[in-house]
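> A structural model of the following input is requested.
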Amino acid sequence: MKAPAISFARLAAFVAVAEAGTFTAAAERLNTTKSAVSQAVAVLERELGTQLLQRSTRRLAITEAGEAFLSDCRQLLAGAEAAMERARTGHAQPSGTLRLTSPQGSAGMVASWIATYSKRYPAMRVDYVPTDRKLDLIAEHFDLAIRVGPMADSGLRAVVLEELGLWTVAAASYLARHGTPRRPAELAGHEWIALSLLPAPWSIDFERGGRKVHVKLRGSISAASTDAVLQLVSQGAGISFFPSTADLRAEVEAGRLVRLFPGWASGRMFLYAAYPGNIAPPAKTRAFINLAKEAVRSAGSQGAAGV
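Okay, the predicted model is just below:
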């Protein structure tokens, strides 16, 4: 008996239901009807001879067989999309909608990249969500995330845009009132503004010439937003540390913030672009990553010229 031909539409319907959680949400995602999605999944189950989804009046759950098949489906669909993208490469401009996210603290930088991207690719639409919540790019249907931190995202590909040191900074107004700490250990006697998103927001490690110092911090304010912590520090509410992005370097160079302990290292992070899948990203995503690389290189060269 001849095996049925592969239907990418039915595979896409199954993946959409598994990720969206309901037939209605999957239909909205695929711009079709609920009955069409339900029928596509039912036909796929008959072709496979196995049940992929458990259906009830209250909930929809993926079966063990469905979980195993879901991973294969994603790879097949990604491969098909990549093949089509390769066929289009060289004669088509990026088009469609780029769904993009980044931390709140980098919103100004990313917004400037989006402005350039829109001028360069006028056919593109951009849906930008700045948030300090770490979104699930696959489940929430994002094409790309600009992130700052260690690169430990399972299931995502990442492109490093810049390697960043961590700078401890304070406003001049705070230092005028409370004095300037000269050694890392003196931070224990100062007001620390903690970023509660970090695994250890109330401690920090420093290193210089092989010597390591672990400092336990104290303070009355914590916030789950890098942008909020930076605003608090800028207003003189306390001391904190941040990745040395171009925006932070500009604040220090302008004298609005003071960098403490420049001879000490306190870890490194990365400014990076992350995207779902195990293959090359589509043209719209690749174009934005390339533009971001250009912008970071340009900012770096301008900063070097000004030193």
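
> all strands of this protein, in order?
When assigned using DSSP state E, the strands of the chain occupy the ranges 53-55, 60-62, 96-102, 124-130, 144-149, 156-170, 191-195, 203-208, 211-216, 218-223, 240-243, 258-260, 268-276.

> Can you say which of the ones you listed is nearest to residue 252?
Residue 252 lies closest to strand 258-260 among the strands of the chain, at 5.0 Å (Cβ to Cβ). (Glycine included, C-beta is placed from N, CA and C.)

> Check what contacts that closest one and list those residues.
By Cβ atoms under 8 Å, 6 or more residues apart in numbering, the surrounding residues in contact with strand 258-260 are 167, 168, 169, 170, 171, 172, 175, 180, 181, 239, 252.

> Please apply the same query to stretch 237-246.
105-106, 109, 148-149, 162, 164-170, 174, 181, 187, 190-195, 204, 219, 221, 226, 229-230, 232-233, 248, 260, 266, 269, 271, 296, 299-300, 303.

> One more pass at 7 Å, please.
106, 109, 148, 164-170, 174, 187, 190-193, 195, 204, 219, 221, 226, 229-230, 232-233, 248, 266, 269, 271, 299, 303 (Cβ atoms under 7 Å, 6 or more residues apart in numbering).

> Name the spans of the stretch 101-250 of the chain whose pLDDT lies under the cut-off.
151-155 (pLDDT under 70).

> quick revisit: quick check on the contacts of strand 258-260: which are buried?
167, 168, 169, 170, 171, 175, 181, 239 (16 or more other Cβ atoms under 10 Å).

> Identify the farthest-apart pair in the residues you listed.
Longest span within the buried ones among the contacts of strand 258-260, Cβ to Cβ: 167 and 175, 14.8 Å.

> Mind putting the contacts of strand 258-260 into a markdown table with distance to residue 287?
Shown next, in a markdown table, are those (distance: Cβ to Cβ, whole Å):
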| residue | distance to residue 287 |
| --- | --- |
| 167 | 31 |
| 168 | 36 |
| 169 | 34 |
| 170 | 39 |
| 171 | 39 |
| 172 | 41 |
| 175 | 44 |
| 180 | 45 |
| 181 | 45 |
| 239 | 40 |
| 252 | 32 |
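
> Show me the protein divided up by domain.
Domain ranges of the chain: 8-88, 96-155+270-306, 164-267, per automatic domain parsing.

> what's the span of the last one from first residue to last?
Criterion Cα to Cα, to the nearest Å; first-to-last residue distance in domain 164-267 is 9 Å.

> gap between it and the chain center?
Between the centre of domain 164-267 and the centre of its chain there are 23 Å (Cα atoms, centre = their mean, to the nearest Å).

> Hmm, residue 96 is touching residue 285, no?
No - in this structure, residue 96 is not within contact of residue 285 by Cβ atoms under 7 Å, at 10.4 Å.

> Tell me which of these two has more neighbours.
Counted by other Cβ atoms under 10 Å, residue 96 and residue 285 do not tie: residue 285 has more neighbours, with 22 against 12.
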